[in-house]
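Q: Show me the folded form of this:
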Amino acid sequence: MFIDTHAHLTDRQFSDDVDIVIENAFQSGIRKIITSGYDLKSSQDAILLAQQYEGLFVSVGVYPENIYEYNEEVENEIIKLAQNSKVVAIGEIGLQYTANMPSKEKQKEVFLKQLKLAYELKKPVVIHCRDAYMDMLNLLKDNKNLISNGGTFHCFSGSIEIAKEILELGFHVSVGGVSTFKNAVSVKEMVKFLPIDRIVLETDCPYLTPTPFRGKRNEPKYILSIAENLAQIKNINIEDVGKKTSENARRLFNL
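A: Residues are numbered from 1 along each chain as shown. Take a look at the predicted model:
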């Protein structure tokens, strides 16, 4: 009934019980999970894990914090990984302008390289963007030819105005645990604005655990809490949330 479009099941927090976590998710009504790479090794590990489960899929890419590892050799390896039938997207890739991150120019350079890669591989992109929305939107607008395969803004918590521009570019928006937080008033308003046919669900586990499980390690099975919260915000039933967001995810990621 539900699809978790963004998890990090290769994170060391799952090193002792990842099999149990995956089985619990499937038993809870999660039909498919996309586990995301953030560098070459995590992308490789994600594929190895996904090959063990029919309902587990992968996005591969290099996250902003790790872009200094990105070179021609790594790019060629990402290309090879993307040929695997389990790989449904390039990501997570993007920009993050917080402290102690690589330079803005280097981030933009590597992001554009991976955006071009996704276009050539005919894959959607999973975009990470933090404190960098204006540069991100300008890059996407200037390179519209590279985003014809679509994608999603993962863990989006920006404004309605930014959401409008994202939608106009043809992207989906991933709604996650932050939307359940009591003090996330502006995020709830933005989620209410989003059309249901452009929303996909994600946990970003093991991070950003939704209410009422905050303080615990996040897991794909908690997508149910995110879905219940979305149903309340949109004033629709949870069955429709599951159906619509799953249809969106299947269409976007060709699941």
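
Q: Sort out which residues of the longest helix seen in the chain are buried, please.
A: Using DSSP state H, we find that the single longest helix of the chain is helix 104-121. Buried residues in helix 104-121, defined by neighbour count with 16 or more other C-beta atoms under 10 Å: 107, 108, 110, 111, 113, 114, 115, 117, 118, 119, 121. For the C-beta atoms, the positions are set from N, CA and C on the backbone; glycine is no exception.

Q: Need those residues in JSON lines (columns: distance to residue 217).
A: Below are the buried residues of helix 104-121 laid out as JSON lines (distance: C-beta to C-beta, whole Å):
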{"residue": "107", "distance to residue 217": "29"}
{"residue": "108", "distance to residue 217": "33"}
{"residue": "110", "distance to residue 217": "30"}
{"residue": "111", "distance to residue 217": "29"}
{"residue": "113", "distance to residue 217": "33"}
{"residue": "114", "distance to residue 217": "29"}
{"residue": "115", "distance to residue 217": "32"}
{"residue": "117", "distance to residue 217": "32"}
{"residue": "118", "distance to residue 217": "30"}
{"residue": "119", "distance to residue 217": "36"}
{"residue": "121", "distance to residue 217": "33"}
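
Q: Among these, which one lies nearest to residue 29?
A: residue 118 (30.2 Å; C-beta to C-beta).

Q: and for stretch 179-197, what are the contacting residues?
A: 156-160, 163, 167, 173, 175, 178, 199, 210-211, 214, 225-226, 229-230, 233-234, 236, 240-241, 244-245, 248 (C-beta atoms under 8 Å, 6 or more residues apart in numbering).
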